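S.K.: need a 3D model of the sequence below.
(2 chains)
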Amino acid sequence: MLQLTDIEKVYQTKTIETVALNRVNLTINKGEFVSVMGPSGCGKSTLLSIMGLLDEPSGGILELDGRPVKSYSDKELAHLRNQKIGFVFQSYHLINDLSVLDNVELPLLYRAGVGGKERRQRAHAALDKVGLSARTTHFPSQLSGGQRQRVAIARALAGRPEIILADEPTGNLDSVMGEEIMDLLLGLHRHDGTTIVMVTHDEQQAQKTERLIRFFDGSQVA
Amino acid sequence: MLLSYLKIAWKVLLRRKFFTFISLFGISFTLMVLLVVYAMYDHTMGPHTPEKRVDRLLFITKLELWSDHSQSNSGASYSFLDRYVRPLRTPEKVSIATDGGSLVAYVGNQKLKLDTKSTDGEFWQVLDFDFLAGRPYTVREVREGAYVAVINESTSRRYFGTTQGVIGRFLEADALRFRVVGIVRDVPASRMLTTADLWKPITVSTVDLRDPSYLGPCMAILLARDAADIPTIQQEFRQVVSRVPVPDPKAYTEVRVYAEPILGNLLTRELFRTTGPDNGTGRFMALAFGLSLLFMLLPALNLVNLNVSRMLERSSEIGVRKAFGATSGVLVGQFLVENIFLTLLGGVLGLGLAAGVLHLLNGSGLIPYAHFTLSGRVFGAALGVAVFFGMLSGVYPAYKMSKLQAVQALKGGTN
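M.R.: Have a look, this model is predicted:
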């Protein structure tokens, strides 16, 4: 469903040119659970941002469901992110001023034709899936790190996306909580067939996924 | 979605209370000043007693004999108005009254100076006074030169000590005895063309009704059948005036006299000192709008600055919203709603402050019989100004916020 051909990303300042991604060729198939590993600064997160249509590559072609992403307008890209992609971030990025339920409803706010009642139902269902249905009225600051990440996963699930992009989802958690989150993602993949691309530093977790891609200095090495 | 925006707006306000206080203070103080000024304007020019049908009224209060080198102006004479204004076909009714005068009455040894107005009988049909007791004097009583009077509530209390049982009693002033036929609620002094302590028939005043000269101490009030008739009446009057013979053709070339709504008549002509066909209403409106805008600009800029700096702490939220499908347009909308919510809150506070200031003004006696109120119109104006203010101060930060790159925003950056 995602096809990357010769993808490059170069950050240019007046004096320095930094190559974050160097001619990356990659295919993510529907229903896969892929992990991306590599040292800090090797371009993993940049890759995920480009796959998530949050950032534009400097060169190469990114295709989503067979159509080059470059051909979409900003508005269409926003629509695609809303319909097809769910994000899970290392630092959760929950909106602290909103309750757990309101946070999970967020993707559905931007979806035409989904009313308030349906939004709440789907958010409750997503929270149920991550085992947090008793915490709907809590605020992020009242939750542990693991619980916050579960809320973030519920938020990514609420829109029923075709692909979940998780950027070091266990990076801020201790090993026990990290395992919990990993089990949750594996469960989602196994039971619902959700496509997941996960960036991680944890070799053990990466080994649990179907495919492991290694990065070094902006290039795919395995 | 709106509820979600409002929840966020409320939380953002509570998050940094001091900045919120500064913002709200700026907004509410600005709106308070604007509302007080508007309430005073509305009180003087708006549809209030006795000019409730102000949109249907035209006033002729000045007449000028004009040439390039010589001008002479004052009010109009009774005979001029009687000959050229009363017969107009388009108005529903025409009334002629004096600009004003005064009488002195005594209550025991205490001197009571009364502002008076001498009017015809139609005066009471053209205007809408609130009668507390009795009735207006009639066209017939005016024609017969009856010594009757309508007095205001305060005069009744000062002279008779009460408003009860006063009808039919006599008020003596300047050695004249007037039979009181009616008592009306006090008319604020700001209603300059109709206010008085005592109204009496023009036929028992010192005005020479037969004086043929054009200049004199009188004014006319014209009531249109419908507000839409106003231009037709003005047109008819212009045609009549164009045929009026110039009284002293060697000294003057033109008779300048206009039938105008209250704003042009009372305010803009005085403000711009103009006697020509343009009474300056357009200029006044532009000036008022410009000054209001300028007055709002400073706190709006302050709010813009505050909002832009708040973007830093909300960059993660913006990034997340973009990641989950918010378009720039949606984010602009969200931020504008939040800002308008803040300014509406400021508007409510401003309204409260304005009510307090107007209460103090009413109690101060600065303007006799003034009773400034926050009417529906003033409330509507407050709402409009607050929303406008919200837009003014929200558009730029909202635009800047929406242009934030999602990746940068998630990292906490601002570009």
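
S.K.: my guess is B:Gly276 meets B:Glu254, correct?
M.R.: No - counting by C-beta atoms under 8 Å, B:Gly276 does not reach B:Glu254; the two are 10.2 Å apart. C-betas here are computed from N, CA, C, even on glycine.

S.K.: more crowded one of the two?
M.R.: B:Glu254 (15 against 12; other C-beta atoms under 10 Å in any protein chain shown).

S.K.: now the more buried one: closest residue in space, sequence neighbours ignored.
M.R.: In space, and not counting its chain neighbours, B:Glu254 is closest to B:Trp66: 4.5 Å by C-beta to C-beta, 6 or more residues apart in numbering or on different chains.

S.K.: for B:Leu297, same thing?
M.R.: Nearest to B:Leu297 is B:Leu392, by C-beta to C-beta, 6+ apart, at 7.7 Å.

S.K.: name the element B:Arg158 belongs to?
M.R.: Using DSSP states H and E, the element containing B:Arg158 is helix B:153-160.

S.K.: what's that helix in contact with?
M.R.: B:105, B:107, B:112, B:114, B:132, B:151, B:162-163, B:166, B:169, B:171, B:180, B:183-186, B:197-198, B:369 (C-beta atoms under 8 Å, 6 or more residues apart in numbering or on different chains).

S.K.: again, but for stretch A:116-134
M.R.: Counting by C-beta under 8 Å, 6+ apart, A:100-101, A:104-105, A:108-109, A:114, A:135-136, A:147, A:150-151, A:153-155, A:157-158, A:160, A:184, A:188 sit against stretch A:116-134.

S.K.: contacts only, for the spatially most central residue of chain A.
M.R.: In chain A, the centroid-proximal residue (C-alpha atoms, centre = their mean) is A:Leu165; its distance is 2.1 Å. A:Leu165 makes contact with A:48, A:51-52, A:85-88, A:196-197, according to C-beta under 8 Å, 6+ apart.

S.K.: quick one: strands adjacent to the helix or strand containing A:Val19?
M.R.: Using DSSP H and E, A:Val19 maps to strand A:17-28. Strands flanking strand A:17-28 in the sheet, each with its direction: strand A:2-12 (antiparallel) (DSSP bridges).

S.K.: list the buried residues for stretch B:264-277?
M.R.: Counting neighbours by 16 or more other C-beta atoms under 10 Å in any protein chain shown, one finds that the buried residues in stretch B:264-277 are B:264-269, B:272, B:275.

S.K.: buried only: go through the contacts of helix B:153-160 for me.
M.R.: Neighbour-count burial (16+ other C-beta under 10 Å) applied to these gives B:105, B:112, B:114, B:132, B:151, B:163, B:166, B:171, B:180, B:183-186, B:197-198, B:369.

S.K.: skip the chain neighbours and tell me the closest residue to B:Val33.
M.R.: Using C-beta to C-beta, 6+ apart, the nearest residue to B:Val33 is B:Phe295, at 7.0 Å.

S.K.: swap in B:Gly145?
M.R.: Distances taken as C-beta to C-beta, 6+ apart put B:Thr203 closest to B:Gly145, at 4.3 Å, once the chain neighbours are dropped.

S.K.: my guess is that neighbour contacts B:Arg143. True?
M.R.: Yes - using C-beta under 8 Å, B:Thr203 is in contact with B:Arg143, at 7.0 Å.

S.K.: who's more crowded, these two?
M.R.: The neighbour count for B:Thr203 versus B:Arg143, taken as other C-beta under 10 Å, is higher for B:Thr203 (18 against 12).

S.K.: quick check: what element follows the helix or strand A:Ile164 falls within along the chain?
M.R.: Using DSSP H and E, A:Ile164 falls within strand A:163-167. Downstream of strand A:163-167, the first helix or strand assigned by DSSP H and E is helix A:175-192.

S.K.: now do that following helix: everything it contacts.
M.R.: A:31, A:33, A:129-130, A:144-146, A:149-150, A:153, A:157, A:164, A:166, A:169-170, A:173, A:194, A:196, A:198, A:202, A:205, A:208.

S.K.: keeping just the C-alphas, turn it into PDB.
M.R.: Output of helix A:175-192 as PDB, limited to C-alpha atoms (Å, rounded to 0.1, in the frame of the first residue of the first chain):
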ATOM      1  CA  SER A 175      10.300  -2.400  30.200                       C
ATOM      2  CA  VAL A 176       7.100  -3.700  31.800                       C
ATOM      3  CA  MET A 177       4.900  -1.000  30.300                       C
ATOM      4  CA  GLY A 178       6.900  -1.200  27.100                       C
ATOM      5  CA  GLU A 179       6.000  -4.900  26.800                       C
ATOM      6  CA  GLU A 180       2.300  -4.100  27.500                       C
ATOM      7  CA  ILE A 181       2.300  -1.600  24.600                       C
ATOM      8  CA  MET A 182       4.100  -4.000  22.300                       C
ATOM      9  CA  ASP A 183       1.600  -6.800  23.100                       C
ATOM     10  CA  LEU A 184      -1.200  -4.300  22.300                       C
ATOM     11  CA  LEU A 185       0.200  -3.500  18.900                       C
ATOM     12  CA  LEU A 186       0.900  -7.100  18.200                       C
ATOM     13  CA  GLY A 187      -2.700  -8.000  19.200                       C
ATOM     14  CA  LEU A 188      -4.100  -5.300  16.900                       C
ATOM     15  CA  HIS A 189      -2.000  -6.600  14.000                       C
ATOM     16  CA  ARG A 190      -3.000 -10.200  14.600                       C
ATOM     17  CA  HIS A 191      -6.700  -9.800  15.300                       C
ATOM     18  CA  ASP A 192      -7.600  -6.800  13.100                       C
END
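
S.K.: in that helix, what's buried?
M.R.: By neighbour count on 16+ other C-beta under 10 Å, the buried set for helix A:175-192 is A:177-182, A:184-185, A:188-189.

S.K.: next, B:Val304: secondary structure please.
M.R.: Assigned with DSSP: H, G, I helix; E, B strand; the rest coil, B:Val304 falls in the helix class.

S.K.: so who does it touch?
M.R.: For B:Val304, the contact set (C-beta under 8 Å, 6+ apart) comprises B:393, B:396-397.

S.K.: cool, B:Gly26 as well?
M.R.: B:299, B:302-303, B:346.

S.K.: up against chain A, what does the stretch 201-350 of chain B have?
M.R.: B:316-317, B:319-330 (C-beta under 8 Å from any C-beta of the partner chain).

S.K.: from those residues, list the buried ones, please.
M.R.: B:316-317, B:319-328, B:330.

S.K.: what residue in the stretch 301-415 of chain B comes nearest to chain A?
M.R.: In the stretch 301-415 of chain B, the residue that lies nearest chain A is B:Gly325 (2.5 Å; C-beta to the nearest C-beta).
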